[in-house]
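# missing the sequence, but the structure's below:
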């Protein structure tokens, strides 16, 4: 329990990280440092995208699996890692 | 109605031969139309019926069951909450969340995810992968097309007896007119019927020359006055200089007197920069360089004898074949001689002895062409024997750059007026070579076979795109060079300057080294002479040297011939093998 806290705190402390969201299998944001409505929006939208990406990768090669899905936008970068039904979403602004 | 025809024959006449006879036409039956029959039929407009000998096919359309689709929007509200948790109530959601956080799988997953994510975050922070590296650089337009040149026009000598085009000169203003000097330079080959005229051609009209110039002796060289585009000066085969004004007709306005002119054909004549614009100087193989004022051609204004001993002795003078004058350096000029030596002279020297400044010895045969680089006047190009050489004024021992020995004799060369690193050469096998020394130094960048006979003269027009070359049979060919070879490239001047500097330095260093070695040899030989009293060691007599040189030469030639023969044999063998295989295949297929 404490390790989880520590890990998440460490991630949030990295340079450029704007927000972190942990989503469970049902799409409910469990832990987040953004406001609720934003977190819910991210969770809902990214879940579908991640599932689609994952099935794409596995369609091409069934042995393969999705590790990280990065979406680089103009303003920042969204990184999603799926595992075991849970999703970890991090929004980072990589400084140049 | 029954239509019947009865044919009767007596039995006794069976077997008798048939005797046919003509009879007039006899109406047997006449069936008239019966309108009452028409009532049994229905009148129909003409119909077209198409027939085709193919399978019968039919077309049938079927509508599948309707698939009903409906567009509707979905409102995302907080979902996924289990039934007992009300998303609006903070307490319940917090409690639920806490419960999930205690879940085993949640903890494991989050830890795993954490490490993966950290890696990605660190990656992002390390390098910005979308960084624009070459934002400020302009687009480098590289012309990928290979260099090319195409022939635009050929101006042929209209006379029966063909003469060589020995010199070409472009009209100074527009480059629309080309003056060509025709003469026969081969020893004693001039026939009596040979026409003496030279022509001025209009570039657009290759059928007829625009104007004829009628000298008293065939012209070997011809030049337009760069200041006054109506006047031309030409040097002729008998050594006289003639001056034309195109507005005044085909006859020369003035002709120099025979006694005061050259004694050999005038190989080159160039206009000088002067206030009056009427000065020219000419060179000939009789060893003299004469200066003229074209208003008064009865005698030259100045005379210079190309005697390397600097004594003005005509007997020992070198015959001049080419001349070079650059308007940026009006007092200096270069003369190329028949002996392969290039002489640099200063016109404004006080005494005749000082007029000849220095000599550059490099070619084995006459220096047929000589030109300074228009962008780097300190470097000049010479062509003679089978090579083209580039020299720097400071290095007198050898040229700084040279081409390898070509297969045939080079007869003329000139720099491109637009690109400092491009020059053109023409050869005796009718090939025009375009050399770009920044691009390739061993071979010409572009090699074109212009005609089957030898090419004797070459001139590039001032825009750098049009090149005229003259052949032995009197045909002057006009070519257009592709834009890649006639537009100035970026940094070309600086790169070429660096190249020339490098080569000059190399030669200087080599020269210095040679001098050192020679000094050492000399001092050592002096020492040894003192010690051992003049024993000749290691010095071969001239005969031995000659024999050794001969042996070397023959062995090199033989190895080359052997190599070529071996290559041919290999090719023949391969061909033989292929032929055998073909024959075998044919035999197999025929079986």
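That came through, no problem. Note that the structure is a prediction, hence the values are computed from the model and not measured.
# rest of the way, CA atoms for contacts and neighbours
OK.
# Which residues of chain A lie near chain B?
Residues of chain A that fall close to chain B, judged by CA under 8 Å from any CA of the partner chain: A:1, A:3-4, A:7-8, A:11, A:14-16, A:22, A:26-28, A:30-31, A:40, A:44, A:68, A:79, A:81-84, A:86, A:88, A:90, A:92, A:94-96.
# Ramachandran coordinates for the residue nearest in space to the middle of chain B?
Centroid-nearest residue in chain B: residue B:446, 3.7 Å away (criterion: CA atoms, centre = their mean). Residue B:446 has phi and psi values of phi -140, psi 130 when expressed as degrees, to the nearest 10.
# Nearest residue to it in space, ignoring adjacent ones along the chain?
Spatial nearest neighbour of residue B:446, excluding adjacent residues (CA to CA, 6 or more residues apart in numbering or on different chains): residue B:434 at 5.0 Å.
# and the one you found, what is it in contact with?
B:422-425, B:444-447 (CA atoms under 8 Å, 6 or more residues apart in numbering or on different chains).
# what is the closest residue to residue A:88 other than its chain neighbours paired to in the beta sheet?
Once flanking residues are discounted, residue A:88 sits nearest to residue A:22: 4.7 Å by CA to CA, 6+ apart. Taking DSSP bridges as the rule, residue A:22 bridges to residue A:31, residue A:88.
# Pull the number of nearby residues for residue B:507.
By the criterion of other CA atoms under 10 Å in any protein chain shown, residue B:507 has 21 neighbours.
# so what's residue B:460 up against?
Going by CA under 8 Å, 6+ apart, residue B:460 touches B:414-417, B:466-468.
# Take these and keep only those in strands.
Counting by DSSP state E, the part of the contacts of residue B:460 found in strands is B:414-415, B:466-468.
# Which ones, among those residues, also lie beside chain A?
Of the ones in strands among the contacts of residue B:460, not one also sits near chain A (CA under 8 Å from any CA).
# Turn those residues into JSON lines, including neighbour count and pLDDT.
Converted to JSON lines, the ones in strands among the contacts of residue B:460 look like this (neighbours: other CA atoms under 10 Å in any protein chain shown; pLDDT from 0 to 100):
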{"residue": "B:414", "neighbour count": "24", "pLDDT": "87"}
{"residue": "B:415", "neighbour count": "25", "pLDDT": "88"}
{"residue": "B:466", "neighbour count": "20", "pLDDT": "88"}
{"residue": "B:467", "neighbour count": "23", "pLDDT": "89"}
{"residue": "B:468", "neighbour count": "24", "pLDDT": "90"}
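# got TSV for those, with distance to residue B:330 too?
Shown next, in TSV, are the ones in strands among the contacts of residue B:460 (distance: CA to CA, whole Å):
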residue	distance to residue B:330
B:414	20
B:415	19
B:466	27
B:467	27
B:468	27
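# And these, which is closest to residue B:337?
Ranked by distance to residue B:337 (CA to CA), the ones in strands among the contacts of residue B:460 are led by residue B:414 at 17.1 Å.
# wait, that closest one sits on residue B:423?
Yes: using CA atoms under 8 Å, residue B:414 is in contact with residue B:423, at 5.7 Å.
# Spit out the contact partners of residue 86.
Looking at chain A here, since you left the chain open. Applying CA under 8 Å, 6+ apart, the residues contacting residue A:86 are A:22-25, B:106, B:109-110.
# My question was about chain B, not that one.
Contacts of residue B:86 (CA under 8 Å, 6+ apart): B:92-93.
# Find the nearest non-adjacent residue to residue B:465, please.
residue B:481 (5.1 Å).
# ditto for residue B:357
residue B:345 (5.1 Å).
# Check which helices and strands the helix or strand hosting that neighbour sits against.
Assessed by DSSP states H and E, residue B:345 sits inside strand B:341-346. With contacts taken as 3 or more CA pairs under 8 Å, 6 or more residues apart in numbering or on different chains; DSSP states H and E, strand B:341-346 sits against strand B:332-337, helix B:352-355, strand B:356-361.
# any chance you could map the helices in chain B?
B:35-38, B:90-101, B:104-126, B:352-355, B:483-486, B:492-532, B:542-590 (DSSP state H).
# ditto for chain A
Under DSSP H, chain A gives helices at A:2-13, A:36-60.
# picking up where we left off before, reformat the helices of chain B as JSON lines; add distance to chain A.
Converted to JSON lines, the helices of chain B look like this (distance: least, CA to the nearest CA, whole Å):
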{"stretch": "helix B:35-38", "distance to chain A": "79"}
{"stretch": "helix B:90-101", "distance to chain A": "6"}
{"stretch": "helix B:104-126", "distance to chain A": "6"}
{"stretch": "helix B:352-355", "distance to chain A": "70"}
{"stretch": "helix B:483-486", "distance to chain A": "41"}
{"stretch": "helix B:492-532", "distance to chain A": "37"}
{"stretch": "helix B:542-590", "distance to chain A": "48"}
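# Figure out which of those helices is closest to residue B:162.
helix B:483-486 (32.5 Å).
# List the buried residues for the closest one?
Buried residues in helix B:483-486, counted by 16 or more other CA atoms under 10 Å in any protein chain shown: B:484-486.
# Equivalent analysis for stretch B:268-284, please.
For stretch B:268-284, by 16+ other CA under 10 Å, it's B:268-273, B:278-284.
# contacting residues around that stretch?
B:220-223, B:225-228, B:233-235, B:239, B:262-267, B:289-295, B:319-325, B:327, B:330, B:335.
# what do you get if the cut-off is 7 Å, keeping everything else the same?
Identification of contacts with stretch B:268-284 by CA atoms under 7 Å, 6 or more residues apart in numbering or on different chains yields B:221, B:223, B:225, B:227, B:234-235, B:262, B:264-267, B:289-294, B:319-323, B:327.
# picking that back up, can you tell me which of the buried residues of stretch B:268-284 is nearest chain A?
Ranked by distance to chain A (CA to the nearest CA), those are led by residue B:273 at 63.3 Å.
# low-scoring pLDDT stretches of the chain, where are they?
Using chain A. Within chain A, the segments meeting pLDDT under 70 span A:1, A:95-96.
# wrong one, chain B
In chain B (pLDDT under 70), the answer is B:1, B:75-80, B:85, B:87, B:136-144, B:189-190, B:309-315, B:352-354, B:529-540, B:576-591.
# Return the residues of it in contact with chain A.
Counting by CA under 7 Å from any CA of the partner chain, the residues of chain B close to chain A are B:78, B:80-81, B:97, B:107, B:109-111, B:113-114, B:117-118, B:124-125, B:128.
# same thing but 8 Å
So chain B meets chain A at B:76, B:78-81, B:97, B:100-102, B:106-107, B:109-111, B:113-114, B:116-118, B:121, B:124-125, B:128 (CA under 8 Å from any CA).
# Can you report how many residues lie near residue B:474?
Neighbour tally, residue B:474, other CA under 10 Å: 27.
# I figured it hits residue B:184, correct?
No: assessed by CA under 8 Å, residue B:474 is found out of contact with residue B:184, at 9.7 Å.
# Report the set of residues contacting both of these two.
With CA under 8 Å, 6+ apart as the test, residue B:474 and residue B:184 both reach B:163-164.
# wait, what's in contact with residue B:466?
Contacts of residue B:466 by CA under 8 Å, 6+ apart are B:460, B:478-481.
# Tell me the one among those nearest to residue B:202.
residue B:478 (11.3 Å).
# can you tell me the residue of chain A closest to chain B?
Of all residues in chain A, the one sitting closest to chain B is residue A:26 (5.0 Å; CA to the nearest CA).
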